[in-house]
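In: Need coordinates for the following:
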Amino acid sequence: MEREKFSSRLGFILISAGCAIGLGNVWRFPYIVGKYGGAAFVLIYLLFLVILGLPVVVMEFAVGRASQRSVALSFDRLETKGTKWHWFKYPAMAGNYLLMMFYTTIGGWMVYYIVKMARGDFAGLDAAGVEGEFGAMLSNPGLMAGLMVLVVVLGFAICAAGLQKGVERITKVMMVSLMVLMVALAVNSVLLEGGQEGLSFYLKPDFQKLKEAGLGEAVFAALGQAFFTLSIGMGAIAIFGSYIGREQRLAGEAVNVLVLDTVVALMAGLIIFPACFAYDIQPDAGPNLLFITLPHVFNAMPGGRIWGSLFFLFMFFAAISTIVAVFQDLISFATDLTGCSVKKAAAITCVAICVLSLPCVLGFNLWSSFQPLGPGSTVLDLEDFLVSNNVLPLGSLVYVAFCTSHYGWGWRNFLEEANTGKGLAFPSGVRIYLKWVLPAVMLFIFLQGYYAKFFS
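Out: Sure, this is the predicted structure:
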């Protein structure tokens, strides 16, 4: 069966960027920047994004385009006969499922907050009152499950319509809408009285603040954020390489994805920091920043009910773009392995994700006594740890080894695929860096993740 292709290069870029653009950009990035001193941290992050993230994105695209298959079969098609690289398909597919087992729940939270903001339910509440609203949602398993199922069904309905008519068409609209909302929200925040101090904190490098926050810790945080923001290492990006032609070199396409991903992350900071400083809110408030602190900020803001609703709509677009992209990957696993139709694969996988996502939902209420990573932890924390601290770094290591080692696909084959077409060429002189230095960095991230979680 001939593989469906994107109808345009723009569609490929926006959908690939949509996969990379997610809650890590607009939730995790701002509060990490706040924690580690602002603009100086951003500079370190951007450096690591280029030297760490860019090569792996190119490699995933190359493996996908050369094999014309998802990670379920891509290594089978490209590996040297007798080798076992195809075994990686199992943890990679598991990683995609694990990611959706908690990401869909958070997507449901965004829907809930859009409605709550639009109805004015947070009006007049102080920070404790907003926190109480968040806690009430988490303690209601029926509400949480219903929101999760709504997000899952919506995502698979888009995918079931096909690559061009469903995923490409809808994602284009969502990504353009996301950009428009982002600009409007950023302009509003920057113009707030008192917001200029937040703008200065965010855009003016102060290396003394970085030093006070802890230089070594900040460097590792920048490394980790640059790595995790792109969802690299489990084939979620590679699938889109299998849907494109060979007219363009892959380094240029990867740069386009990184630029869009980074613009969204940076713009999220322009939305959040001026607003926090304008209303004397600490910008390093952690994950609570999104669901507790910011609704309180919108309460105090002129027209806050409208701006708050638009903000959580923006967040929902960021979440659902990733969900649709990964759902497309899950559907491709089924079609590649069984040859079934897209609609059948979507229907079966939709039911599977709804069931598999229930532990995350129940982990905040009925199963809250189960604290797998220590006191206060939840099922979501465990699932996130398995993906972020295991599948992504080790999976990226596999892609790098596969593309640089003669025991794998090999450097020559990778370079030929990456540089087929026109546009920016992938440099041939970086093989030693990619073969030895980059894997060492990935192993460091992997080991540091365990140290930080269990020994620090």
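In: Now do the helix ranked longest in the chain: distance to the chain's middle.
Out: What stands out as the longest helix in the chain, according to DSSP state H, is helix 304-338. In terms of C-alpha atoms, centre = their mean, to the nearest Å, the centre of helix 304-338 is found 10 Å from the chain centre.
In: Give the next helix or strand downstream of that helix.
Out: Where DSSP states H and E defines the elements, the next helix or strand beyond helix 304-338 is helix 342-356.
In: which strands and helices sit next to the host helix or strand of Cys360?
Out: Cys360 is part of helix 358-362 when elements are defined by DSSP H and E. Using 3 or more C-beta pairs under 8 Å, 6 or more residues apart in numbering; DSSP states H and E, the elements in contact with helix 358-362 are helix 89-119, helix 141-160, helix 379-386. Where you see a C-beta, it was placed from the backbone N, CA and C, and this is true even at glycine.
In: Please enumerate residues in contact with that helix?
Out: The list of residues contacting helix 358-362 from outside it, by C-beta atoms under 8 Å, 6 or more residues apart in numbering, reads Met101, Phe102, Thr105, Pro141, Met144, Ala145, Met148, Trp367, Thr378, Val379, Leu380, Glu383.
In: Just give me the neighbour total for the second one.
Out: Applying the criterion other C-beta atoms under 10 Å, we find 25 residues in the vicinity of Phe102.
In: go on, the fifth one?
Out: Here the number of neighbours of Met144 (other C-beta under 10 Å) works out to 24.
In: is it true that it touches Gly107?
Out: No: contact criterion C-beta atoms under 8 Å: Met144 and Gly107 do not qualify, at 11.4 Å.
In: got the contact list for the helix or strand of the chain with the lowest mean pLDDT?
Out: For the chain, the helix or strand with the lowest mean confidence is helix 288, at a mean of 71 (criterion: mean pLDDT, DSSP states H and E). Contacts to helix 288, defined as C-beta under 8 Å, 6+ apart, come from residues Glu131.
In: rewinding a little: right, so of the helices and strands packed on helix 358-362, which gets closest to Glu133?
Out: With C-beta to C-beta, the closest approach to Glu133 among those belongs to helix 89-119: 6.9 Å.
In: averaged over its residues, what pLDDT does that closest one have?
Out: Across helix 89-119, pLDDT averages out at 96.
In: got the buried residues for it?
Out: Neighbour-count burial for helix 89-119 flags 89, 91-93, 95-114, 116-117 (criterion: 16 or more other C-beta atoms under 10 Å).
In: Run through the residues that contact the residue most central in space within the chain.
Out: Nearest to the geometric centre of the chain sits Gly22, at 3.9 Å (C-alpha atoms, centre = their mean). Listed by C-beta under 8 Å, 6+ apart, the contact set of Gly22 reads Tyr103, Thr229, Ser231, Ala318, Ala319, Ser321, Thr322.
In: just these now: which is nearest Val71?
Out: Ser231 (12.5 Å).
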